[in-house]
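In: Provided below are the primary sequence and the corresponding predicted coordinates.
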Amino acid sequence: MSSFLLRAGEWEQVTPESAGWRFLSFGVRRGPFAADTGEVEVALVPLGGRCAVEAEGERYELGGRASVFDGLPWALYLPRETPYRVEGDAEVAICGARCERRREPVLIRPEQVEVEVRGAGNATRQINHIVKPEFPAERLLVVEVLTPAGNWSSYPPHKHDEDNPPGEVVLEETYYYRTARPEAFALQRLYSPRHGVDETVTVRDGDLMLVPFGYHTTAAAHGYDLYYLNALAGERRSMAAADDPDLAWIRSAWAGLEPDPRVPLVR
């Protein structure tokens, strides 16, 4: 078993201490529940169903898609030191990052989510930008990725483990996978010559991959679309990453290919 892969049903929450890094935390809970953000800024992302969140004397209504394959996301950004309560039975991803400054809550509606079609040919995928570098957060970044069946995603393989702006910054990252069918699967490769790591694993619905370093890429099995939610955190508000230099040429090859017409998968 990969030391970076947490199987569905065998994990509840990732913290900086459990992951062995500095900032990022991630969990999934079903409402109703109450919690406190503590020293962490948080983005609540309903994965399916509706919920209401009470925080800072306000009530926020979120959600509506039946599953991650049925619509664009809602999200609620909550600052550190914020008690909150989630009402309803929605399944909610809790993306968090340690921070110093306390900001204001922000409700993110589906129409505010920037949808990007990235890549071409069988490397086309849909990126839903939820918490972008321009968002008024300190360290947290959140995106959804939908990959059509048989396509490659997070391609060409890239890394963000060296501080070399503007081309690359250091980011901790989690991949949380969802599939529409229990038998569906995808392949995830994580490799780093510098760290002596090269692992390719089968990932299924509800699995979580930790990416503390190294190049990484994903492939959706034929017949089944793939969803994953990326939470990231670092010192800099940037998503800059460095491609594997042996495979970076692929980006220029996309100029001669059409995007996969199945994308965007959700609108």
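Out: In hand now; what should we look at?
In: can you pull the pLDDT of Ala233?
Out: Looking at Ala233, its pLDDT is 98.
In: for it, what are its contacts?
Out: Contact analysis of Ala233 by CB atoms under 8 Å, 6 or more residues apart in numbering lists Phe23, Leu24, Ala97, Arg98, Arg139, Leu140, Leu141, Leu171, Glu172. All C-beta atoms are positioned from the backbone trio N, CA, C, and that covers glycine.
In: could I get those as a markdown table with distance to Val86?
Out: As requested, those are exported to a markdown table (distance: CB to CB, whole Å):
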| residue | distance to Val86 |
| --- | --- |
| Phe23 | 23 |
| Leu24 | 21 |
| Ala97 | 19 |
| Arg98 | 21 |
| Arg139 | 23 |
| Leu140 | 18 |
| Leu141 | 22 |
| Leu171 | 27 |
| Glu172 | 25 |
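In: Select from these every entry located in strands.
Out: When DSSP state E is applied, the contacts of Ala233 are split such that Leu24, Ala97, Arg98, Leu140, Leu141, Glu172 fall in strands.
In: Report the buried members of the contacts of Ala233.
Out: If you count burial by 16 or more other CB atoms under 10 Å, the buried members of the contacts of Ala233 come out as Phe23, Leu24, Ala97, Arg98, Arg139, Leu140, Leu141, Leu171, Glu172.
In: Give the bridge partners for the residue nearest the centre of the chain, please.
Out: For the chain, the residue nearest the mean C-alpha position is Asn230 (1.2 Å; CA atoms, centre = their mean). Per DSSP bridges, the residues bridged to Asn230 are Val143, Tyr175.
In: Check Gln126 too.
Out: Val117, Leu146.
In: what's the distance between it and His195?
Out: 31 Å (CB to CB, to the nearest Å).
In: Looking at the two, which is more packed in?
Out: Counted by other CB atoms under 10 Å, Gln126 and His195 do not tie: Gln126 has more neighbours, with 25 against 12.
In: residue contacts, that one?
Out: Taking CB under 8 Å, 6+ apart as the test, what Gln126 contacts is Val115, Glu116, Val117, Arg118, Val145, Leu146, Thr147, Val263, Pro264, Leu265, Val266.
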